[in-house]
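Asker: need a structure here:
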Amino acid sequence: MMKLSAILVDDERASLDALRVKIQKVAPDVDVLQTFQHPSDAVASLAHYKPDVLFLDIDMPGMNGFSLLRELGTIDFEVIFCTAYGQYAIDALRMSALDFLLKPIHEGELQQAIERLHQKRQHRETVSIDINRPTPSPHALFNKIAVSSLRGLMFVPVQDIIRLEADSNYTTFYLVDGRKIVATRTLKDFADLLEPLSFVRIHRSSLINLQHLSEYVRGEGGTVVMSDGSEVEVSRREKQHFFERIGWV
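Answerer: Sure thing, here's the model as predicted:
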């Protein structure tokens with residue numbers, strides 16, 4: 001496995017030391033080049049060190065993690081956010097983070113994030129990400145979406161989502177294992193994140209994952225049949241857009 005280099009930024013020394021130890025334990029192939037408690041110091045040094053990955057805290061005094069990335073502009077390394085605050089997850093997605101780890105960081109999740117880093121480095125075709133661009137790249141997003149539910153924050157693998165259904169200011173996720181999650185955000189919030197991937201809005205109240213599309217039944221707008229057997233109406237307004245997304249024009 002190829003050797004990788006990392007920079008760690010966190011305003012808490014204890015968090016930096018704990019993360020460094022865990023990286024050494026689960027991924028000895030990752031060389032921690034330097035750690036920084038002050039984001040401004042990291043900005044000045046990142047160009048010199050040129051790491052493969054930046055492990056970055058978000059909530060820091062003076063300059064938070066998002067501001068640090070905006071200060072850098074175009075970057076040529078991956079970003080793994082490490083924070084105690086789950087509400088930042090959607091913003092992290094929008095900034096094309098490779099992963100988002102909640103403190104205290106679990107070694108298994110850290111190892112999975114580093115494995116994704118290896119995979120991306122091996123298959124990567126371009127190395128530049130414009131961090132100021134708000135639209136997420138489907139190749140840059142990590143493979144989970146943060147869902148703020150009635151019981152807390154859940155991280156759902158994108159490939160496990162069959163469809164989403166709006167219910168006023170709430171959204172219901174239908175998953176491959178039969179579970180349903182009621183999220184405390186609107187369907188539009190999730191559509192903005194997921195439509196650049198394999199999702200398409202087929203009705204003002206429905207967003208489907210094309211990876212789980214089984215059949216289209218003709219009609220005024222028509223109906224789609226999903227992999228779990230559910231049938232979802234296609235509105236006349238969204239029919240043409242749906243056809244364009246599936247390449248049937």
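Asker: going forward, measure contacts and count neighbours with C-alpha atoms only.
Answerer: Noted.
Asker: show me the contacts for Ser230.
Answerer: For Ser230, the set of contacting residues under the criterion of C-alpha atoms under 8 Å, 6 or more residues apart in numbering is empty.
Asker: Look up how far Thr83 lies from Met120.
Answerer: Heads up, residue 120 is Lys, not Met. According to C-alpha to C-alpha, to the nearest Å, Lys120 and Thr83 sit 22 Å apart.
Asker: do Glu109 as well
Answerer: Using C-alpha to C-alpha, one obtains 13 Å as the distance from Glu109 to Thr83.
Asker: which residues of the protein score low on pLDDT?
Answerer: Under the criterion pLDDT under 70, the flagged ranges of the chain are 1, 90, 93-94, 122-142, 149-152, 249.
Asker: ok, back up a step: out of Glu109 and Thr83, which sits in the busier spot?
Answerer: When Glu109 and Thr83 are compared for neighbours, Thr83 comes out ahead with 24 against 14, by other C-alpha atoms under 10 Å.
Asker: for the protein, longest helix please?
Answerer: Ranked by residue count under DSSP state H, the longest helix found in the chain is helix 107-123.
Asker: Need the contact partners of that one.
Answerer: Looking at what lies outside helix 107-123 - C-alpha under 8 Å, 6+ apart - the contacts are 1-2, 22-23, 26-27, 78, 80, 98-99, 101.
Asker: CA atoms of it as CSV?
Answerer: Taking C-alpha atoms only, helix 107-123 is exported to CSV below (Å, rounded to 0.1, in the frame of the first residue of the first chain):
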residue,chain,number,x,y,z
GLU,A,107,-10.7,3.6,15.4
GLY,A,108,-12.8,1.6,13.0
GLU,A,109,-14.3,4.7,11.3
LEU,A,110,-10.8,6.3,11.1
GLN,A,111,-9.5,3.2,9.4
GLN,A,112,-12.4,3.2,6.9
ALA,A,113,-11.7,6.8,6.1
ILE,A,114,-8.1,6.1,5.4
GLU,A,115,-9.0,3.2,3.2
ARG,A,116,-11.2,5.5,1.2
LEU,A,117,-8.3,7.9,0.9
HIS,A,118,-6.1,5.1,-0.5
GLN,A,119,-8.8,4.1,-3.0
LYS,A,120,-9.3,7.6,-4.1
ARG,A,121,-5.5,8.2,-4.5
GLN,A,122,-5.2,5.1,-6.6
HIS,A,123,-8.1,5.9,-9.0
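Asker: Okay, buried residues for that helix please.
Answerer: If you call a residue buried by 16 or more other C-alpha atoms under 10 Å, then helix 107-123 has these buried ones: 110-111, 113-114, 116-118, 121.
Asker: with the residues you listed in mind, which one is nearest to Asn209?
Answerer: For the buried residues of helix 107-123, the closest approach to Asn209 (C-alpha to C-alpha) belongs to Arg116, at 22.2 Å.
Asker: quick one: that closest one and Glu215, what's the gap?
Answerer: In this view, Arg116 and Glu215 are 32 Å apart by C-alpha to C-alpha.
Asker: Please apply the same query to Glu244.
Answerer: According to C-alpha to C-alpha, Glu244 stands 16 Å off from Glu215.
Asker: Looking at the two, which one has more neighbours?
Answerer: Neighbours per residue (other C-alpha under 10 Å) separate Glu244 from Glu215, with Glu215 holding more: 13 against 10.
Asker: Fine by me, we can end here.
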